[in-house]
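Peer 1: Task: produce atomic coordinates for the following.
(one chain, ligands or ions: 1)
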Amino acid sequence: MIENDHVVLWNRCLNIIRDNVPDTTYKTWFEPIVPLKYEDHALTIGVPSPFFYEFLEEKFVDLLRAALYKEIGEGTQLMYCILTDKTNHITVNIEGTKRSSALPAQTVIKDGNKAPNPMQAPAPQDLDPHLNPNYNFENFIKGNSNEFSRTVGETVAKNPARTFNPLFLYGPSGVGKTHLINAIGTRIKELYPEKRVLYVSAHLFQVQYTDSVRTNHFNDFISFYQTIDVLIIDDIQEFAGVTKTQNTFFHIFNHLHQNGKQLILTSDRAPVMLQGMEERLLTRFKWGLVAELEKPDVELRKNILRNKIRRDGLNIPESVINYIAENVNESVRELEGIINSLLAQSIIFKRDVDIDLAERIVRKAVRCESKPITIEDIIAKVCSHYEIEESAIHTKTRKREVVQVRQVAMFLAKKHTDASSSKIGQLIGNKDHATVLHACKIVKDQVEVDKSFKADIEEIEALLRRK
Ligand SMILES: Nc1ncnc2c1ncn2[C@@H]1O[C@H](COP(=O)(O)OP(=O)(O)OP(=O)(O)O)[C@@H](O)[C@H]1O
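Peer 2: Next up is the predicted model:
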């Protein structure tokens with residue numbers, strides 16, 4: 001094979017990819033890729049950041065696999081090489097194209113995945129913060145569901161480590177957590193260019209940690225993270241059950257916090273609902289401010305759609321926007337997907353975007369096979385399981401058995417619905433949001449030590465799923 005075979009092979013793959021994605025997508029996500037080598041049936045490509053790798057694997061894994069198999073051969077592997085540090089040229093190699101939407105990426109770290117030695121710690125301007133510049137405050141649309149989180153995010157960005165530390169943001173998938181924390185990091189870099197800001201997914205942190213142990217660079221790993229001024233970790237729920245990573249993060253957290261450095265964390269659930277996480281970490285998560293991002297309401301959904309349509313230079317009638325906003329209510333990511341499909345279909349079939357087309361796409365995209373569990377279902381099932389009148393849990397009584405039923409209902413509502421804690425409290429006994437979080441903790445703790453109580457909860461959950 002000639003020396004630059006990898007370039008030739010990758011260019012052939014690019015020809016296929018170019019034909020299958022819009023021009024702007026190609027420019028943004030494929031032009032920056034650098035082919036690095038081809039050996040042992042594996043093509044290694046260089047990507048600018050972990051975010052880039054994650055995005056490619058999430059959105060384009062099938063296309064990449066198809067191009068590789070067609071142009072290079074069945075079973076060809078794709079390896080990513082991420083430059084974690086510009087000064088030291090340290091790379092993280094991650095095996096890709098094995099991922100399916102159902103399974104998380106199987107990652108294999110090859111050589112060189114160590115955090116940089118702090119003795120050669122790069123100057124702040126050389127440390128790549130791995131922030132996504134497309135996620136900023138300017139294009140983060142405000143609405144009832146995110147206003148509080150956005151405001152505290154702006155406050156933290158103005159004065160890092162002076163107000164809410166850590167800042168813990170949580171909410172269901174696709175509601176803008178990653179967008180918001182990137183916006184905070186980017187704003188901090190604009191206001192304080194000298195600060196060492198780092199965005200890292202909990203998954204990548206864990207991969208780096210494990211590899212540092214394997215290659216005897218654990219001290220470098222710890223020291224590197226201790227030099228960060230603003231550490232942003234996304235999807236912290238991924239630390240659940242991985243004790244050693246939690247332990248290491250605990251020490252980094254303490255060091256940074258004690259030294260007046262800012263921590264910003266996200267999770268798909270509130271600290272109180274994080275099972276498999278050490279209590280000492282959970283306590284720390286609550287030291288600063290815990291803020292919830294809820295699913296967007298219809299007004300916010302319309303504004304996000306209008307903004308996306310304007311940015312993409314599209315022409316979509318207001319009636320279509322209203323239809324989509326009223327029928328697609330899971331997440332912002334889902335809304336964006338609908339607009340992309342609409343656009344693709346209107347190009348392929350050379351037709352205008354109208355209600356007819358929108359209806360067809362929405363029907364295919366929105367899951368309607370199973371109705372979501374509601375708080376009313378939960379109240380009914382819990383009360384019938386414990387054989388008490390539904391009306392009892394709405395009274396002010398503090399009888400032990402009623403209090404427990406109320407707490408179980410709150411716990412299940414938090415776990416199985418996307419209602420905010422305040423909403424749950426309002427519908428179950430007219431309590432406030434702190435009471436709901438307290439109830440969740442009580443139930444979670446009891447589930448861990450009381451087998452028969454755990455069996456009760458599982459039985460109710462089975463009934464709820466069967467409804
Ligand atoms: N308020 C908003 N304004 C504009 N875009 C938004 C808003 N909220 C979310 N988005 C967009 O929706 C998409 C999904 O958001 P994001 O990745 O931040 O969600 P997430 O809550 O981190 O989800 P996950 O937990 O699955 O990672 C992104 O493209 C983001 O830019």
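Peer 1: CA atoms for contacts and neighbours, from now on please.
Peer 2: Fine.
Peer 1: ok, and for stretch 452-467, which residues are buried?
Peer 2: Across stretch 452-467, burial judged by 16 or more other CA atoms under 10 Å covers 456-457, 460-461, 464.
Peer 1: centre of the chain versus it, how much separation?
Peer 2: 28 Å (CA atoms, centre = their mean, to the nearest Å).
Peer 1: if we can go back for a sec, which of the buried residues of stretch 452-467 sits closest to the ligand?
Peer 2: Each of the buried residues of stretch 452-467 was checked against the ligand using CA to the nearest ligand atom; the closest is Glu461, at 23.5 Å.
Peer 1: if we can go back for a sec, could I get the buried residues of stretch 452-467 as CSV with secondary structure, pLDDT and distance to Gly73?
Peer 2: Output for the buried residues of stretch 452-467, formatted as CSV (DSSP: H, G, I helix; E, B strand; the rest coil; pLDDT from 0 to 100; distance: CA to CA, whole Å):
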residue, secondary structure, pLDDT, distance to Gly73
Asp456, helix, 91, 53
Ile457, helix, 92, 50
Ile460, helix, 91, 50
Glu461, helix, 87, 47
Leu464, helix, 85, 47
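Peer 1: can I get those residues in CSV with distance to Arg398?
Peer 2: As requested, those are exported to CSV (distance: CA to CA, whole Å):
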residue, distance to Arg398
Asp456, 21
Ile457, 21
Ile460, 23
Glu461, 25
Leu464, 26
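Peer 1: Need the max-distance pair from those.
Peer 2: The most widely separated members of the buried residues of stretch 452-467, counting by CA to CA, are Asp456 and Leu464 (12.5 Å).
Peer 1: and the ligand, which of the buried residues of stretch 452-467 reach it?
Peer 2: Taking CA under 6 Å from any ligand atom, there is no overlap between those and the neighbourhood of the ligand.
Peer 1: out of these, which one sits closest to Ala161?
Peer 2: Distances from these to Ala161 were compared by CA to CA; the smallest belongs to Ile457, at 40.1 Å.
Peer 1: can you list the residues of this structure near the ligand?
Peer 2: Remark: the part of the chain in contact with the ligand comprises 135, 139-142, 173-179, 268, 304, 332-333, using CA under 6 Å from any ligand atom.
Peer 1: Quick one, which of these are buried?
Peer 2: 135, 140-142, 173-179, 268, 304, 332.
Peer 1: give me the element the residue of the stretch 351-467 of the chain found nearest the ligand is part of.
Peer 2: The stretch 351-467 of the chain approaches the ligand most closely through Asp418 (12.7 Å), counting by CA to the nearest ligand atom. Assessed by DSSP states H and E, Asp418 sits outside every helix and strand.
Peer 1: follow-up on the earlier one: as CSV, the buried ones among the residues of the chain next to the ligand with secondary structure and pLDDT would be great.
Peer 2: Supplementary listing: these in CSV, determined by DSSP: H, G, I helix; E, B strand; the rest coil; pLDDT from 0 to 100:
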residue, secondary structure, pLDDT
Tyr135, coil, 94
Phe140, coil, 95
Ile141, coil, 95
Lys142, coil, 94
Ser173, coil, 89
Gly174, coil, 89
Val175, coil, 92
Gly176, coil, 94
Lys177, helix, 96
Thr178, helix, 96
His179, helix, 96
Asp268, coil, 94
Ile304, helix, 93
Val332, helix, 89
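Peer 1: Now compare those residues and name the two farthest from each other.
Peer 2: In those, the most distant members under the criterion CA to CA are Asp268 and Ile304, with 21.3 Å between them.
Peer 1: Just the buried positions in stretch 259-278, please.
Peer 2: In stretch 259-278, the ones that count as buried by 16+ other CA under 10 Å are 261-275, 277-278.
Peer 1: How far away from the center of its chain is that stretch?
Peer 2: From the chain centre to the centre of stretch 259-278 is a distance of 13 Å (CA atoms, centre = their mean).
Peer 1: do the same with stretch 197-217
Peer 2: Once both centres are worked out by CA atoms, centre = their mean, stretch 197-217 turns out to sit 18 Å from its chain's centre.
Peer 1: ok, and what's touching that stretch?
Peer 2: Outside stretch 197-217, the residues that touch it by CA atoms under 8 Å, 6 or more residues apart in numbering are 50, 107, 109, 113-115, 128-131, 182, 185, 188-189, 218, 220-221, 228-239, 245.
Peer 1: If we use 7 Å, what do you get?
Peer 2: The list of residues contacting stretch 197-217 from outside it, by CA atoms under 7 Å, 6 or more residues apart in numbering, reads 109, 113-114, 129-131, 185, 218, 221, 228-236, 238-239, 245.
Peer 1: repeat for stretch 449-456
Peer 2: By CA under 7 Å, 6+ apart, the surrounding residues in contact with stretch 449-456 are Val447.
Peer 1: where does Arg34 fall, phi/psi-wise?
Peer 2: Actually, residue 34 is Val. It isn't Arg. As for Val34, its main-chain torsions (degrees, to the nearest 10) stand at phi -120, psi 120.
Peer 1: what does the one 5 residues further on give?
Peer 2: Comment: the main-chain dihedrals of Glu39 come out as phi -150, psi 150, following degrees, to the nearest 10.
Peer 1: List the beta-bridge partners for it.
Peer 2: Ala42 (DSSP bridges).
Peer 1: That one and Phe221, how far apart?
Peer 2: According to CA to CA, to the nearest Å, Glu39 and Phe221 sit 29 Å apart.
Peer 1: In terms of neighbours, single out the busier of those two.
Peer 2: Neighbour tally, Glu39 and Phe221, criterion other CA atoms under 10 Å: the higher count belongs to Phe221, 24 against 12.
Peer 1: Distance of the more buried one relative to the ligand?
Peer 2: For Phe221, the distance to the ligand under the criterion CA to the nearest ligand atom, to the nearest Å works out to 25 Å.
Peer 1: can you pull the pLDDT of Leu36?
Peer 2: The per-residue pLDDT reported for Leu36 equals 84.
Peer 1: Three-state assignment for it, please.
Peer 2: Of the three states, Leu36 takes strand under DSSP: H, G, I helix; E, B strand; the rest coil.
Peer 1: Which elements pack onto the host helix or strand of Cys383?
Peer 2: Secondary-structure element containing Cys383, defined by DSSP H and E: helix 375-386. Contact analysis of helix 375-386 by 3 or more CA pairs under 7 Å, 6 or more residues apart in numbering; DSSP states H and E lists helix 390-393, helix 400-416 as its packing neighbours.
Peer 1: what is the orientation angle of it with helix 400-416?
Peer 2: In this structure, helix 375-386 runs at an angle of 140 degrees to helix 400-416, with axes from the mean of the first three to the mean of the last three CA atoms, to 10 degrees as the basis.
Peer 1: tell me which residues of helix 375-386 are tucked away?
Peer 2: Taking 16+ other CA under 10 Å as the basis for neighbour counts, the residues of helix 375-386 that come out buried are 375, 377-379, 381-383.
Peer 1: so for that helix, what's the average pLDDT?
Peer 2: Across helix 375-386, the average pLDDT comes to 94.
Peer 1: Can you give me the neighbour number for Asp450?
Peer 2: For Asp450, which is what you asked about, the neighbour count (other CA under 10 Å) is 11.
Peer 1: returning to that earlier point: take the buried ones among the residues of the chain next to the ligand and lay them out in a markdown table including distance to Asn430.
Peer 2: Supplementary listing: those in a markdown table, determined by distance: CA to CA, whole Å:
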| residue | distance to Asn430 |
| --- | --- |
| Tyr135 | 38 |
| Phe140 | 33 |
| Ile141 | 31 |
| Lys142 | 28 |
| Ser173 | 27 |
| Gly174 | 29 |
| Val175 | 27 |
| Gly176 | 29 |
| Lys177 | 29 |
| Thr178 | 32 |
| His179 | 33 |
| Asp268 | 25 |
| Ile304 | 32 |
| Val332 | 30 |
